[in-house]
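got a predicted structure plus its sequence, pasted below:
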Amino acid sequence: MTFQAGLFDGKVAFISGGGTGIGAGIARGLGRLGARVAIASRKPEHIEPAAAGLTAELGHEVLGLTMDLRDRNATARAVDATLARFGRIDVLVNNGGGQFLSPAAAIRHNGFDAVIQTNLVGTWNLTRAVADATMLQHGGAILNITMLTNVFPGMAHSVAARAGVEAMTRTLAVEWAAAGIRLNCLAPGYVNSSGLRNYPPDSGLIESMVSRVPLKRLATVAEIADFATFLLSPAATYCTGQTYVVDGGKSLWGDTWPIPDPGELTRPPIPREPWES
Ligand SMILES: NC(=O)c1ccc[n+]([C@@H]2O[C@H](COP(=O)([O-])OP(=O)(O)OC[C@H]3O[C@@H](n4cnc5c(N)ncnc54)[C@H](OP(=O)(O)O)[C@@H]3O)[C@@H](O)[C@H]2O)c1
């Protein structure tokens, strides 16, 4: 194990989108280190097997809750249910979110609004619910999972929402420092997670992603979860208001320095959780 056993003993973590992919990886990582964990998203078919699977894996209860980030009352209810069960929330991971790939000119207005509502307004809804209910009184650590926000053709809606989250994070880090709340963003590059199933399987998209990363591979969920764990841990208590890019060097690299592909570029299988068939 990379981190000291028991590092999160006595802590409670709330993870949006914790039933799949990166969120489930972070739930597993924090839970293995002793945190009591609540995971929440819209679909019972994501949350229920994940809560049961993680509970079995970890040997202690993982609380599964259904909640749509766009529904302010539902986010507050999920936070209240976590406080009723575990008594506190020390860690919030705003990981839930998503988008669809489309040229900007083909994004319909309601599609743009839905992506902003989920990724920007949803992050605000859950952050305020946790802050109001507990963190403004007791402090805590908040991590927002964003994306590479310099430029992202095909995702004008999501890149706008995530850049908004990053600016909000910097601002709240200043406003809430006195309350003992640290906030940061983790911006992954390309991660081999369930989220990749949303993109056309035979388009060559994933192979072209791999080719554009100097390390010539996708990140694993565990690599993102480990970095998230570090940012939420006592090792990062002087880190606040920043966006940490974890992208295998992708955002550094242009076309002026060719890096040969390692033979044929293959598409790695997208991992499944133990509870998925
Ligand atoms: N994979 C990558 O390469 C990559 C790169 C950069 C950033 N990211 C971001 O990292 C996060 C996790 O991605 P992932 O790869 O693990 O994909 P994923 O499996 O699709 O995870 C997205 C999670 O968000 C939840 N969610 C979506 N809309 C929601 C809503 N309105 N309310 C509550 N929960 C909602 C989903 O659960 P329900 O469907 O049950 O609601 C799901 O658990 C996402 O924000 C994603 O955009 C991923």
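Perfect, thanks for sending it.

how about the contacts made by the residue nearest to residue 218 when sequence neighbours are not counted?
Distances taken as Cβ to Cβ, 6 or more residues apart in numbering place residue 192 nearest to residue 218, at 4.1 Å, with adjacent residues excluded. Where you see a C-beta, it was placed from the backbone N, CA and C, and this is true even at glycine. With contacts defined as Cβ atoms under 8 Å, 6 or more residues apart in numbering, residue 192 is in contact with 218, 219, 220, 221, 268, 270, 271.

ok, and the most crowded of those residues?
If you count neighbours using other Cβ atoms under 10 Å, the busiest of those is residue 221, which has 26 neighbours.

give me the neighbour count for the residue lying closest to that residue once chain neighbours are set aside.
Counting by Cβ to Cβ, 6+ apart, residue 25 is the residue found nearest to residue 221 once chain neighbours are left out, at 3.8 Å. Other residues near residue 25 number 26, with proximity taken as other Cβ under 10 Å.

quick one: contacts for residue 25?
Under the criterion of Cβ under 8 Å, 6+ apart, the contact list for residue 25 reads 193, 221, 222, 224, 225.

picking that back up, how much space separates the residue nearest to residue 218 from residue 209?
Distance check for residue 192 against residue 209: by Cβ to Cβ, to the nearest Å, it reads 10 Å.

got any residues that touch both of these two?
Taking Cβ under 8 Å, 6+ apart as the contact rule, the neighbours common to residue 192 and residue 209 are residue 218.

dump the residue contacts of residue 144.
Residues near residue 144 by Cβ under 8 Å, 6+ apart: 94, 123, 165, 166, 169, 183, 184, 185, 186.

what about 10 Å?
With contacts taken as Cβ atoms under 10 Å, 6 or more residues apart in numbering, residue 144 has the following neighbours: 16, 92-95, 97, 119, 123, 126-127, 162, 165-166, 168-169, 172, 183-187, 243.

among these, which lie within helices?
Among the contacts of residue 144, DSSP state H puts 123, 126, 127, 162, 165, 166, 168, 169, 172 in helices.

is it true that the second one touches residue 92?
Yes: between residue 126 and residue 92 a contact is recorded at 7.0 Å, counting by Cβ atoms under 10 Å.

give me the common contacts of these two.
Taking Cβ under 10 Å, 6+ apart as the criterion, residue 126 and residue 92 both touch 14, 16, 79, 142, 144.

in what helix or strand does the residue nearest to residue 221 lie?
Taking DSSP states H and E as the definition, residue 25 sits inside helix 21-32.

give me the angle between the very next helix or strand once past that helix and helix 21-32.
Helices and strands here follow DSSP H and E; after helix 21-32, the next one along the chain is strand 36-41. Note on geometry: by axes from the mean of the first three to the mean of the last three Cα atoms, to 10 degrees, strand 36-41 and helix 21-32 are set 170 degrees apart in direction.

remind me what the very next helix or strand once past strand 36-41 packs against, helices and strands.
As assigned by DSSP H and E, the chain's next helix or strand after strand 36-41 is helix 44-58. Helices and strands touching helix 44-58, as assessed by 3 or more Cβ pairs under 10 Å, 6 or more residues apart in numbering; DSSP states H and E, comprise helix 21-32, strand 36-41, strand 62-66.

low pLDDT regions in the chain?
1, 256 (pLDDT under 70).

the ligand contacts on that one?
With Cβ under 6 Å from any ligand atom as the criterion, the chain comes near the ligand at residues 16-17, 19-23, 41-43, 46, 67-70, 95-98, 118, 122, 145, 147, 188, 190-191, 193-196.

residues in contact with the residue most central in space within the chain?
For the chain, the residue lying nearest the average C-alpha position, counting by Cα atoms, centre = their mean, turns out to be residue 95 (2.7 Å). Residues touching residue 95, when contacts are defined by Cβ under 10 Å, 6+ apart, comprise 15-18, 20-27, 39, 41, 123, 143-146, 186, 224, 228.
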